[in-house]
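Novice: need a 3D model of the sequence below.
(chains A and B)
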Amino acid sequence: GQQLNQSPQSMFIQEGEDVSMNCTSSSIFNTWLWYKQDPGEGPVLLIALYKAGELTSNGRLTAQFGITRKDSFLNISASIPSDVGIYFCAGDKTHGSSNTGKLIFGQGTTLQVKP
Amino acid sequence: DAGVIQSPRHEVTEMGQEVTLRCKPISGHNSLFWYRQTMMRGLELLIYFNNNVPIDDSGMPEDRFSAKMPNASFSTLKIQPSEPRDSAVYFCASSPDRGLGEQYFGPGTRLTVT
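Specialist: Just a heads-up that it's a prediction; the model follows:
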């Protein structure tokens, strides 16, 4: 079945450093989404991408929709302790030219930030 | 604005008992999704509804699981009978437009079956 390969699996960085994580797939997606999950909470939507090549920012976060439509990356600049959590990529499975609304999630990247 | 509301937040039950999880989607959203999250399998889609109609239940593990959406503001996920391997966090999510793909998650229900 379709899978999203997310890397790295975990990161331990110093406060102030930049972070980069990515997702790849063997299939094409129409939509890429990035979520963050804090302990004991549900995933929170960070950024949504809809077009190949699209680059979108949300504060210190920047994400890009790969030109091949099979990958996406998320960058966090100048990390702070509250960036700690699990980051998930998700893709909307294509069905012809329309999205199905059915998301496939990556395995997650656990980020730890040392003050 | 109220987000997705789930209840209960925590549920501990004994094997064989019936469990009912509840979800109130964001008002105006027309799609609702039920997920299960475990360490081993990550986030798994169980079933989703569009305009209160079940569209895809291929992720429902077995006949012990059932879901309903009697109206646009309420959905339930029922497990009967429950088993220890059902222990997980169950999330409900809603989306304003299936075509956009954006889903908004509730806080989850942590289920423990002993």
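
Novice: residue boundaries of the strands in chain B?
Specialist: Taking DSSP state E as the criterion, chain B carries its strands at B:5-7, B:10-13, B:19-24, B:31-38, B:42-50, B:53-56, B:65-71, B:74-79, B:88-95, B:104-105, B:109-113.

Novice: out of those strands, which is closest to chain A?
Specialist: Comparison of those against chain A by CB to the nearest CB identifies strand B:104-105 as nearest, at 3.4 Å. Where you see a C-beta, it was placed from the backbone N, CA and C, and this is true even at glycine.

Novice: who does that closest one pair up with?
Specialist: Using DSSP bridges, strand B:104-105 pairs in its sheet with strand B:88-95 (antiparallel).

Novice: mind listing what's buried along the partner strand?
Specialist: Residues of strand B:88-95 classed as buried: B:Ala88, B:Val89, B:Tyr90, B:Phe91, B:Cys92, B:Ala93, B:Ser94, B:Ser95 (neighbour count, 16 or more other CB atoms under 10 Å in any protein chain shown).

Novice: dump those residues into JSON lines; add pLDDT as well.
Specialist: Formatted as JSON lines, the buried residues of strand B:88-95 follow (pLDDT from 0 to 100):
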{"residue": "B:Ala88", "pLDDT": "97"}
{"residue": "B:Val89", "pLDDT": "98"}
{"residue": "B:Tyr90", "pLDDT": "98"}
{"residue": "B:Phe91", "pLDDT": "98"}
{"residue": "B:Cys92", "pLDDT": "97"}
{"residue": "B:Ala93", "pLDDT": "96"}
{"residue": "B:Ser94", "pLDDT": "95"}
{"residue": "B:Ser95", "pLDDT": "91"}
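
Novice: and those, which two are the farthest apart?
Specialist: Greatest spatial distance among those (CB to CB): B:Ala88 and B:Ser95, at 21.7 Å.

Novice: run through who's touching stretch A:70-83.
Specialist: Residues outside stretch A:70-83 that contact it (CB atoms under 8 Å, 6 or more residues apart in numbering or on different chains): A:13-29, A:32, A:34, A:46-47, A:49, A:60-66, A:87, A:89, A:91, A:111, A:113, A:115.

Novice: distance from it to the middle of the chain?
Specialist: Centroid displacement of stretch A:70-83 relative to its chain, using CA atoms, centre = their mean, to the nearest Å, is 8 Å.

Novice: then stretch A:20-27?
Specialist: Averaged C-alpha coordinates place stretch A:20-27 at 8 Å from its chain's average position (CA atoms, centre = their mean).

Novice: partner residues bridging the most centrally placed residue in chain B?
Specialist: Taking CA atoms, centre = their mean, the centroid of chain B lies closest to B:Trp34, which sits 3.1 Å from it. B:Trp34 has these beta-bridge partners by DSSP bridges: B:Ile47, B:Cys92.

Novice: still on that earlier bit, A:Gly40: which of the strands of chain B is closest?
Specialist: For A:Gly40, the closest of those is strand B:109-113, at 8.1 Å, according to CB to CB.

Novice: what parts of chain B come near chain A?
Specialist: Neighbours of chain A within chain B, by CB under 8 Å from any CB of the partner chain: B:4, B:31, B:33, B:42-43, B:45, B:48, B:50, B:55-56, B:91, B:93, B:95, B:98-108.

Novice: of those, buried ones?
Specialist: Among these, those buried by neighbour count (16+ other CB under 10 Å) are B:4, B:31, B:33, B:43, B:45, B:48, B:50, B:55-56, B:91, B:93, B:95, B:98, B:100-108.

Novice: following the lowest-mean-pLDDT helix or strand in chain A in sequence, what is the next regular element?
Specialist: Least confident helix or strand, chain A: strand A:98-105 with a mean of 75, by mean pLDDT, DSSP states H and E. Downstream of strand A:98-105, the next assigned helix or strand under DSSP states H and E is strand A:109-114.
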